[in-house]
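Enquirer: Sequence plus the predicted model coming up.
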Amino acid sequence: MSYLVTVDVEKCNGDGECVDVCPVEVFELKDGKADPVNMEECLGCESCVEVCEEGAITVTEQ
């Protein structure tokens, strides 16, 4: 199963919470914003969605 991880850069505050909580290191901070650079590793746990207070992250099953 694969997942599409998207970040709304307009909402992202760059606090790095998603980077810290992701168990498989899907995210990196680039230019002060979360970037899902390892999306193929996503487990679909949605920990990043839960920790993002801005509501900037979505995870959808493909």
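Expert: Received the coordinates, thanks.

Enquirer: tell me which residues form a beta bridge with the residue nearest to Val5 when sequence neighbours are not counted?
Expert: Spatial nearest neighbour of Val5, excluding adjacent residues (Cβ to Cβ, 6 or more residues apart in numbering): Pro36 at 4.0 Å. Where you see a C-beta, it was placed from the backbone N, CA and C, and this is true even at glycine. With DSSP bridges as the criterion, Pro36 is bridged to Phe27.

Enquirer: Next, count neighbours for Cys45.
Expert: Here the count is done by other Cβ atoms under 10 Å, and Cys45 has 14 residues near it.

Enquirer: just the strands in this protein please.
Expert: For the chain, strands defined by DSSP state E occupy the ranges 3-7, 27-30, 33-36, 57-61.

Enquirer: Asn13: which of those is closest?
Expert: strand 33-36 (8.7 Å; Cβ to Cβ).

Enquirer: which residues touch the closest one?
Expert: The contact list for strand 33-36, computed with Cβ atoms under 8 Å, 6 or more residues apart in numbering, reads 5-7, 9, 12, 14, 16, 18-19, 26-29, 42, 48, 56-57.

Enquirer: Now with 6 Å, please.
Expert: Here strand 33-36 makes contact (Cβ atoms under 6 Å, 6 or more residues apart in numbering) with Val5, Val7, Val9, Cys12, Gly14, Cys18, Val26, Phe27, Glu28.
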